[in-house]
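# Turn this into a model:
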Amino acid sequence: MELKEGRKYKDRNGDTWMCVRVNLQKEAHCQADCINLSYLASAEVEYFFLDGRYDNGGTNPRTLVEELPPPVLGPSLNELRDEALRIATSHGFTDASVGEDIALMHSELSEALEDYRACRSPTWYEYQMLGCDPSTFKTFNAFEAEGSERKLGPYRKPVGIPSEMADVIIRVLHFCGKHGIDIGRAVREKMLYNDSRPFKHGGKTL
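Residues are numbered from 1 along each chain as shown. Sure thing, here's the model as predicted:
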């Protein structure tokens with residue numbers, strides 16, 4: 001069976017597996033590392049599969065028999081990464097250093113904090129309507145906007161904590177695009193690892 005990174009599979013026992021890494025895929029053979037999602041809390045190791053079969057010499061070999069359909073999603077993180085890079089590059093934002101890019105990520109979180117300090121809720125999200133005359137400035141709730149009000153442009157700027165969170169993500173994606181980081185895989189693997197850790201691991205309270 002040809003395995004694909006990020007896809008989920010069922011084995012003959014009914015357990016669900018996720019392919020986290022394809023090591024080799026040629027000459028009709030597929031070598032891949034998978035993790036058992038049905039026992040994720042206790043299984044922090046990856047299992048090596050060859051052509052969809054896993055056998056450690058024990059009494060419980062596994063054979064993947066069914067590829068589960070992917071969820072219906074929007075663009076992948078890597079697709080958004082490429083689009084963020086395209087937009088930034090087309091507008092001339094190409095010269096920041098690694099340190100400057102990371103500082104700019106921090107700056108977007110600081111703007112979100114300033115909104116919160118101004119007593120705005122985390123869900124406060126509006127559009128600013130800008131014009132040449134300051135008296136034409138106004139805002140309205142972006143979540144309640146309909147029709148033409150939802151059409152963004154140079155005079156319709158999203159503001160609020162959700163918008164600042166979006167800016168953080170856009171900055172991160174732009175950075176990943178500049179440096180060729182497979183952020184989709186990195187997020188997927190880190191979330192799987194986090195899910196495998198004990199409750200409030202490390203004695204942390206937050």
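
# neighbouring contacts of stretch 113-124?
Contact with stretch 113-124 is made by 143, 160, 161, 162, 164, as judged by Cβ atoms under 8 Å, 6 or more residues apart in numbering. C-betas here are computed from N, CA, C, even on glycine.

# got the CA positions of that stretch in CSV?
Only the C-alpha atoms of stretch 113-124 are listed here, as CSV (Å, rounded to 0.1, in the frame of the first residue of the first chain):
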residue,chain,number,x,y,z
LEU,A,113,-2.4,43.0,23.9
GLU,A,114,-3.0,46.7,23.3
ASP,A,115,-6.5,46.0,22.0
TYR,A,116,-7.1,43.9,25.2
ARG,A,117,-5.8,46.7,27.4
ALA,A,118,-8.3,49.0,25.7
CYS,A,119,-11.1,46.7,27.1
ARG,A,120,-11.8,45.0,23.7
SER,A,121,-12.8,41.4,23.9
PRO,A,122,-10.9,38.6,22.1
THR,A,123,-13.8,38.4,19.7
TRP,A,124,-14.0,42.1,18.9
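
# buried ones in it?
115, 120, 124 (16 or more other Cβ atoms under 10 Å).

# And what about the second one, helix, strand or coil?
Spelled out, that is residue 120. coil (DSSP: H, G, I helix; E, B strand; the rest coil).

# Can you tell me how far it is from residue 106?
20 Å (Cβ to Cβ, to the nearest Å).
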